[in-house]
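In: Following is a predicted model, sequence given first.
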Amino acid sequence: MPHFTKPPEGSWTEHYGLGTGPISYEDSISPAHYEVERDAIFRRTWLNVGRVEQLPRKGSYFTKELDAARTSVVVVRDSNDEVRAFYNICRHRGNKLVWNDFPGEETSGVCRQFTCKYHGWRYDLQGECRFVQQEDEFFALDKADYGLVTVRADVWEGFIFVNLDPNAPPLQEYMGELGAGLAGYPFHKMTQVHRYRSEVRSNWKLYIDAFTEFYHAPVLHAKQAVADESRKLQNVGYEALAYKVDGPHGMVSSWGGMSPPKDLNMVKPIERVLRSGLFGPWDVPDIGLDELPPGLNPERHPAWGLDSFLFFPNFMVLIWKTNWVLTYHYWPTSYNTHIFEGTCYFVPPKNARERLAQEMAVVTFKEYGLQDSNTLEATQTMLESRVVTEFPLNDQEILLRLLHKTAHRYVDEYQGRNPESPVRVSAVS
Amino acid sequence: MTTLPADFADLEPFADWGMPTERARYAKRLSSTMDELQAFYDAVFPRMEAAASYLEQFDLNDMPEDAKHLLWLYCALVTVSFPVEVWRQPKVPDSGSTSLDAVAEPAV
């Protein structure tokens, strides 16, 4: 007996025409398939690489390693206050331009110009080549021809994106209805940041799978709650308030009665004192919103607790009723490994009591995340055994269907245009 | 040498939990026995409300060192509360060798 109304077709999955049959996970265990995904997806879509607050002034920059897209980029606030991105490569002989100590590690800072460590070529914040060491030794070299190679960069609600494909549609168009529905949400007020990182031994899509369904939550995380509450949650199971799908992107709208809980015995002793937990601090900061943007709590359900958005391919935004935000990023490093980043954004605490309430929410997120990560490794290894090759997905797993279908569509379309792939041929001319 | 505010001198035996990063607090939890975690929890938990009230008087951007130390001690209690209140083991069940490390967090 459903607690929340489903569409007239009887299920969310049928409503969005995503098919109801079992799905293959070959797309998550095949090295050859991953090689195509790198070009078909990660070199073709808008990738969120940071927020504007990471570039507070002219000359502020950070680097982003995009292993899946076979490159590294530098993102900078230029001298006109515009956010720009460049491939992180010196035009002289191809050295990585911006790095510290370890070429593979990301870095950030403030500078007036970028100077290559190798031979001292310098580039201004607009990417123009401004200095060539022993310029006279070169042969009719014109610095104007040797600017940094630009990467498309654009900003959506303060989130900075890059796209390696010069022909991709603009970012605002790419973000579609789900992106437009969040316009005006005050992300910029949530500048208190806690960021976590994990190297996960699974395909990147498996972690997105885990975080776009809550079907697992009452079971996998049963040991996180007090015993009575845990039993109750397992008996009830999980049902979303609503799912939305628009193009490659999807969202799930969820209930959340835990902040504050109806009955204080539902939560742990420290949560009662700090008035905080998984769903965030119970005493909610004012973020100046008279009404939620139309894309948040789309059902306008009184039991609403949070919405989780998946912006294809690898960026998730969770917006909580309690006025804080969590983002997830999944950066593939091979067919069966990726780097996971989880970032909590809060309104800066006014005092130590609020700071402790935020710490409670952050650490709770971490403990749940540890269980999720470890389970992925267990899933990846057994999927790779290929003992079972087809898997049923229920209606609460609709966003998994969407993700795998979308990723496959990008690969199929790319292979249609490039029949040679996945065999990559090294260029010799 | 005392490191905590005078009103909280009774917590001094546990002052070494008051470390400024979540990574360090978590590492100390994993290297402690359940008896050690329980002892820390039992001593510090009953004073939490008093500590929060005491700390509320300060501007977070301009806190005396001893107050910061007390704040971090209570951040450590947050970290330690999970094993003591629920799991009865220092690491969350079913998490194996997985790690999830803080790479950015507020200065205080």
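Out: That came in fine, so what should we check first? Since this is a predicted model, take the numbers as computed values, not measurements.
In: for the residue lying closest to A:H188 once chain neighbours are set aside, what are its contacts?
Out: Nearest non-adjacent residue to A:H188, counting by CB to CB, 6 or more residues apart in numbering or on different chains: A:G158, 5.2 Å away. No exception for glycine: its C-beta is placed from N, CA and C like everyone else's. By CB atoms under 8 Å, 6 or more residues apart in numbering or on different chains, the residues touching A:G158 are A:R51, A:V52, A:E53, A:F187, A:H188.
In: tally of neighbours for the first one?
Out: Same thing as A:R51. 20 (other CB atoms under 10 Å in any protein chain shown).
In: Whatever residue of the stretch 201-350 of chain A ends up closest to chain B sits in which helix or strand?
Out: Nearest residue of the stretch 201-350 of chain A to chain B: A:I270, at 4.1 Å (CB to the nearest CB). If you go by DSSP states H and E, A:I270 is part of helix A:269-274.
In: what sits against A:L292?
Out: Contacts of A:L292 by CB under 8 Å, 6+ apart: none found.
In: Backbone torsions only: list them for it.
Out: Backbone torsions of A:L292, given as degrees, to the nearest 10, read phi -70, psi 150.
In: Repeat that for A:Y243.
Out: Dihedral pair for A:Y243: phi -120, psi 150, per degrees, to the nearest 10.
In: Setting aside sequence neighbours, what's the nearest residue to it?
Out: Distances taken as CB to CB, 6+ apart put A:W12 closest to A:Y243, at 4.4 Å, once the chain neighbours are dropped.
In: Now the one you found, what are its backbone angles?
Out: Note on A:W12: its backbone torsions stand at phi -70, psi -40 [degrees, to the nearest 10].
In: next one: the one 3 residues further on
Out: A:H15 adopts backbone torsions of phi -60, psi -40, taken as degrees, to the nearest 10.
In: What strand or helix carries the closest residue to it other than its chain neighbours?
Out: Nearest residue to A:H15, sequence neighbours excluded (CB to CB, 6+ apart): A:P7, at 3.8 Å. Using DSSP H and E, A:P7 is not contained in any helix or strand.
In: And A:E384, by the same measure?
Out: helix A:352-385.
In: and that helix, what other elements does it pack with?
Out: Judged by 3 or more CB pairs under 8 Å, 6 or more residues apart in numbering or on different chains; DSSP states H and E, the packing partners of helix A:352-385 are strand A:192-200, helix A:204-212, helix A:217-220, helix A:269-274, strand A:337-346, helix B:22-30, helix B:48-55, helix B:65-82.
In: 6 Å instead, please
Out: Where contact means 3 or more CB pairs under 6 Å, 6 or more residues apart in numbering or on different chains; DSSP states H and E, helix A:352-385 is packed against strand A:192-200, helix A:204-212, helix A:269-274, strand A:337-346, helix B:65-82.
In: Save those as CSV, and put in mean neighbour count too.
Out: CSV is the format used below for the helices and strands packed on helix A:352-385 (neighbours: other CB atoms under 10 Å in any protein chain shown):
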stretch, mean neighbour count
strand A:192-200, 20
helix A:204-212, 24
helix A:269-274, 21
strand A:337-346, 21
helix B:65-82, 23
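In: wait, is A:D412 part of a helix?
Out: Yes - judged by DSSP: H, G, I helix; E, B strand; the rest coil, A:D412 forms part of a helix.
In: That one and chain B: what is the separation?
Out: Plainly put, A:D412 is 33 Å away from chain B if you go by CB to the nearest CB, to the nearest Å.
In: before we move on, what about A:E420?
Out: 39 Å.
In: Skip the chain neighbours and tell me the closest residue to residue 100.
Out: Defaulting to chain A. Closest to A:N100 by CB to CB, 6+ apart is A:T107, at 4.7 Å.
In: my bad, the chain I had in mind was chain B
Out: Spatially, and ignoring its direct neighbours in sequence, B:L100 is nearest to A:S198 (4.4 Å; CB to CB, 6+ apart).
In: And that neighbour, what's its pLDDT?
Out: Note on A:S198: pLDDT of 95.
In: State the pLDDT value of A:S421.
Out: With respect to pLDDT, A:S421 scores 68.
In: any idea how far B:M48 is from the residue most central in space within chain B?
Out: For chain B, the residue lying nearest the average C-alpha position, counting by CA atoms, centre = their mean, turns out to be B:A76 (1.5 Å). Separation of B:A76 from B:M48 (CB to CB, to the nearest Å): 12 Å.
In: nearest residue to residue 64 other than its sequence neighbours?
Out: In the absence of a named chain, chain A is used. A:V49 is the one closest to A:K64 (CB to CB, 6+ apart), at 4.3 Å.
In: wait, I meant chain B there
Out: Spatial nearest neighbour of B:P64, excluding adjacent residues (CB to CB, 6+ apart): B:F58 at 7.1 Å.
In: and that neighbour, how many neighbours does it have?
Out: Here the count is done by other CB under 10 Å, and B:F58 has 16 residues near it.
In: Now it: phi and psi?
Out: Taking degrees, to the nearest 10 as the convention, B:F58 sits at phi -100, psi 150.
In: and it, what pLDDT?
Out: pLDDT, B:F58: 97.
In: next one: the one 4 residues further on
Out: Listed pLDDT for B:D62 reads 94.
In: For B:T3, see how far away it is.
Out: From B:D62 to B:T3 the distance is 19 Å (CB to CB).
In: Could you do A:T322 as well?
Out: Between A:T322 and B:T3 the computed distance is 34 Å (CB to CB).
In: need the contact list for the residue nearest the centre of chain A.
Out: For chain A, the residue nearest the mean C-alpha position is A:F315 (2.2 Å; CA atoms, centre = their mean). The contact partners of A:F315, taken as CB atoms under 6 Å, 6 or more residues apart in numbering or on different chains, are A:N48.
In: Who is it paired with across the strands?
Out: Beta bridges link A:F315 to A:F311, A:H329 when assigned by DSSP bridges.
In: for chain A, what are the nearby residues on chain B?
Out: Within chain B, the positions adjacent to chain A are B:48, B:52, B:55-56, B:71, B:74-75, B:78-79, B:81-82, B:85, B:92-96, B:98, B:100-106 by CB under 6 Å from any CB of the partner chain.
In: so where's chain B uncertain?
Out: Across chain B, the ranges flagged by pLDDT under 70 are B:1-2.
In: Now for the residue of it found nearest chain A: which residues touch it?
Out: Nearest residue of chain B to chain A (CB to the nearest CB) works out as B:L55 at 3.4 Å. B:L55 makes contact with A:A352, B:A67, B:L71 under the criterion CB under 6 Å, 6+ apart.
In: out of these, who's nearest A:Y207?
Out: B:L71 (32.7 Å; CB to CB).
In: any idea how far the closest one lies from A:D124?
Out: Counting by CB to CB, the gap from B:L71 to A:D124 is 43 Å.
In: A:R51 now?
Out: Separation of A:R51 from A:D124 (CB to CB): 24 Å.
In: and chain A, which of its residues are near chain B?
Out: With CB under 6 Å from any CB as the criterion, chain A meets chain B at residues A:192-198, A:223, A:268-270, A:273, A:351-353, A:356, A:359-360, A:363, A:366-367, A:369-371, A:373-374.
In: which SS class is A:K64?
Out: strand.
In: circling back to that earlier point, just want to know which of B:D62 and B:T3 has more residues nearby.
Out: Taking other CB under 10 Å, B:D62 and B:T3 do not tie; B:T3 has more neighbours (16 against 8).
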